[in-house]
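**Student:** compute the structure for the input listed below.
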Amino acid sequence: MTSATEVREERPERLDPEKIRRDFPALQQEVHGKPLVYLDSAATSQRPQVVIDAVRSFYEHDNANVHRGVHALSERATARYERVRQTACNFFHGNDAREFVFTKGTTESINLLAHSFVRPRLAKGDEILITQLEHHSNIVPWQLLCEETGAKLVVAPINDEGEVEMNRFEALLGDRTRFASVAHVSNALGTVNPVREMIRLAHTNDVPILIDGAQAVARMPVDFQELGCDFYALSSHKMCGPTGVGILWGRLPLLQAMRPYQGGGDMILSVSFDGTTYNEVPHRFEAGTPNIAGVIGMGAAFEYLSGIGMDRIRSYEEELLGYGVHRLMEVRGLRLVGNAIRKSGVLSFLLEGVHPHDVGTVLDREGVAVRAGHHCAQPVMERFGVAATVRASLGVYNNREDIDRLVTGLQRVTEMFRR
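**Tutor:** Predicted coordinates for the structure are as follows:
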């Protein structure tokens, strides 16, 4: 199985998963008396010690509010906070650090964009295009917007392999399409969407497009200039950073044309009862005291992943995913859900005769952490006629032994429920 990015003539040097695992303190523990196997990175990744240390360092040495203070701690905090924009710009190959708006995560990024960019451009009868693969966070904000404006939410279907039907996606880009929003990687199935082609088709029809990159950014190199999208949303906690922080990236002229999303401190230049002058981008969209420690921790996560190399991470994960598919096929009665040609990081499956929640509970007793449920992607589950799946999702710290432990645990489940 391959990623969406082009195949390189030379594969990058293989990373050492055992060395990387030692960087993650949470992975050194036992659960129910057994060494932890963490296979739930699509929900949230674990954090390396350097990220934990960065957050702790801020609170121990530089804890102060940013931007408005003239004392030493505030100046140091502001410098560390703002430095992360440039770190993010380097990591994702942006043009300008001002294009990086700090948010609470992908969900807030999408809501911000819905209200500040899309809503003023919508009229009754207009359309927003998404796909059947989307996470609820890339469905519900658009539904709310359509309810408010009389616009219509249009959905491109997926096939039996869990891939977007691109002929339908293209056909649904019509004269009334005002915006498109699609996942880079499906959180429920691991499908890697052909986002470059989706972006090209959208732009051919003069439609701005957002890419929901929550599941992609920890798994593969992401270059905003190469992609050519208009907006990109991501969460820190999916890529080894703290929770409660993320980024909305957008092309600078588009961000500059957007109205504020929330009002409050730091998003203003001046306030009087006669009117308010708003701050410049990106501060215009960052009302109130931000998650300063979280942003600093996110910056440390970018640096950590850069040190490993995103090409190496992608190559290693492809290898581990292939091994996982091979081993899972040995489990009697197991059916994979989602068999896209381009797939990344997620093994979603059903075990015949056993509810996914029961599978997850037994695996937990074996020290194996997986997710069981609809994964905030109920339309995907509906498409495959199931209420839930078991999802084992990979991280940079996983290895073949983790897959073997998963398979051993599943065989234990089979024995228990088929006696």
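
**Student:** now the host helix or strand of F349: mean pLDDT?
**Tutor:** Here F349 sits within strand 346-351, counting by DSSP states H and E. Average pLDDT, strand 346-351: 98.

**Student:** again, but for stretch 292-306
**Tutor:** Rounded mean pLDDT across stretch 292-306 is 98.

**Student:** what does stretch 371-390 give?
**Tutor:** 97.

**Student:** buried ones in it, by neighbour count?
**Tutor:** By neighbour count on 16 or more other C-beta atoms under 10 Å, the buried set for stretch 371-390 is 371-377, 379-381, 383-384, 388-390. The C-beta positions use only the backbone N, C-alpha and C, and glycine is treated the same way.

**Student:** quick one, helices of the stretch 1-150 of the chain?
**Tutor:** Listed in chain order, the helices of the stretch 1-150 of the chain (DSSP state H, counting those that start in this stretch) span 17-21, 49-57, 72-92, 106-113, 140-149.

**Student:** tell me the mean pLDDT for the longest one?
**Tutor:** On average, the pLDDT along helix 72-92 is 97.

**Student:** re earlier: just the ones of the buried residues of stretch 371-390 in helices?
**Tutor:** 379-381, 383 (DSSP state H).

**Student:** ok, the residues you listed vs L350, which is closest?
**Tutor:** M381 (10.7 Å; C-beta to C-beta).

**Student:** which residue packs closest to the closest one, ignoring adjacent ones?
**Tutor:** H374 (4.8 Å; C-beta to C-beta, 6 or more residues apart in numbering).

**Student:** wait, isn't that neighbour in contact with A387?
**Tutor:** Yes. Judged on C-beta atoms under 8 Å, H374 makes contact with A387 at a distance of 6.9 Å.

**Student:** what do the two both touch?
**Tutor:** Residues touching both H374 and A387 by C-beta atoms under 8 Å, 6 or more residues apart in numbering: M381.

**Student:** what's the separation between the residue lying farthest from the centre of the chain and T177?
**Tutor:** The centre of the chain is farthest from one residue, D274, which by C-alpha atoms, centre = their mean lies 41.3 Å away. For D274, the distance to T177 equals 40 Å [C-beta to C-beta, to the nearest Å].

**Student:** next, the contact list for R371, please.
**Tutor:** 40, 42-43, 360, 390-391, 393.

**Student:** which residues does the residue nearest to it when sequence neighbours are not counted bridge with?
**Tutor:** Distances taken as C-beta to C-beta, 6+ apart put R391 closest to R371, at 4.5 Å, once the chain neighbours are dropped. Here R391 sits in beta bridges with S348, R371, going by DSSP bridges.

**Student:** show me what contacts R391?
**Tutor:** Applying C-beta under 8 Å, 6+ apart, one finds that R391 lies in contact with 40, 42, 188, 346-349, 370-372, 375.

**Student:** from the residues you listed, which is closest to E317?
**Tutor:** Within the contacts of R391, proximity to E317 (C-beta to C-beta) peaks at V346, which comes in at 10.3 Å.

**Student:** now do the contacts for R85.
**Tutor:** Contact analysis of R85 by C-beta under 8 Å, 6+ apart lists 97-98, 100, 102, 282.

**Student:** over to L320?
**Tutor:** L320 makes contact with 394, 398-400, 403 under the criterion C-beta under 8 Å, 6+ apart.

**Student:** looking at those, which is nearest E170?
**Tutor:** Looking across those and measuring by C-beta to C-beta, the closest to E170 is L394, at 31.6 Å.

**Student:** now that closest one, nearest residue through space, not along the chain?
**Tutor:** Leaving aside its sequence neighbours, L394 sits nearest to G345 (C-beta to C-beta, 6+ apart; 4.8 Å).

**Student:** I'd guessed that neighbour sits against S393; true?
**Tutor:** Yes. With contact defined as C-beta under 8 Å, G345 reaches S393; the gap is 5.8 Å.

**Student:** give me the buried entries from the contacts of L320.
**Tutor:** Neighbour counting with 16+ other C-beta under 10 Å marks 394, 398-399, 403 as buried within the contacts of L320.

**Student:** tell me which element the closest residue to R83 other than its chain neighbours falls in.
**Tutor:** Leaving out its chain neighbours, the residue that sits closest to R83 by C-beta to C-beta, 6+ apart is G299, at 6.7 Å. Assigned by DSSP H and E, G299 belongs to helix 292-308.

**Student:** residue contacts, I209?
**Tutor:** 179-182, 198-199, 202-203, 229-231.

**Student:** from A88, how far off is it?
**Tutor:** Counting by C-beta to C-beta, the gap from I209 to A88 is 20 Å.

**Student:** joint contacts of G345 and S393?
**Tutor:** 41-42, 190.

**Student:** how about the contacts made by A54?
**Tutor:** Contact analysis of A54 by C-beta under 8 Å, 6+ apart lists 296-297, 299-300.

**Student:** now with 7 Å, please.
**Tutor:** 296-297, 300 (C-beta atoms under 7 Å, 6 or more residues apart in numbering).

**Student:** I'd like the contacts of R85 as TSV, with neighbour count, pLDDT and distance to G265 appended.
**Tutor:** Below are the contacts of R85 laid out as TSV (neighbours: other C-beta atoms under 10 Å; pLDDT from 0 to 100; distance: C-beta to C-beta, whole Å):
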residue	neighbour count	pLDDT	distance to G265
A97	16	97	21
R98	16	97	19
F100	25	98	20
F102	26	98	15
P282	23	95	15
